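*Asks:* fold the following for me, if possible:
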Amino acid sequence: MSESALVVELRDAERRLQRAQLASDVDELDRLLDDRLVFTLGVDGNLYSKADDLHNHRTRAQILTKVEEEELDVLVDGRVGITWFLGSLAGTFQGSEFEARMRYTRTWIHDDEHGWRILTAHASPMP
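*Replies:* The predicted structure follows:
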């Protein structure tokens, strides 16, 4: 597969992720998140796993009502890709409402069996 085709696929995977987060689509999130996922939340610096993320969506501890992309940059080098998402999110977390403008940096890996999957991610609030 050419690098340009991988870029198009990665951009699509990022947008599928956004839709899955908004819908709390646990099956799609399970496909898009690598089992080794480590997610760093810049607000508290804590590390979270794929199981943590799926649990929050499955139990509705986290409900997103808005995922609005402002910018999306993509870089692919071989079977590794990076996305930089800037956008606004809103919803509830453990019953408390939130709204934030966030920057996500995600490292993706690609294989022929699974396509693109997120290996690591970091999120930071933006002004």
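
*Asks:* from Leu33, how far out is the spatially most central residue of the chain?
*Replies:* The residue lying closest to the centre of the chain (C-alpha atoms, centre = their mean) is Leu17, at 5.6 Å. The gap separating Leu17 from Leu33 is 9 Å, by C-beta to C-beta, to the nearest Å. C-betas here are computed from N, CA, C, even on glycine.

*Asks:* between these two, which contacts overlap?
*Replies:* Ile118 (C-beta atoms under 8 Å, 6 or more residues apart in numbering).

*Asks:* residues contacting Val43?
*Replies:* Ala123, Ser124, Pro125.

*Asks:* from these, which land in strands?
*Replies:* Counting by DSSP state E, the contacts of Val43 place Ala123, Ser124, Pro125 in strands.

*Asks:* just the buried ones from those residues?
*Replies:* Neighbour counting over the ones in strands among the contacts of Val43 (16 or more other C-beta atoms under 10 Å) leaves Ala123 as the buried ones.
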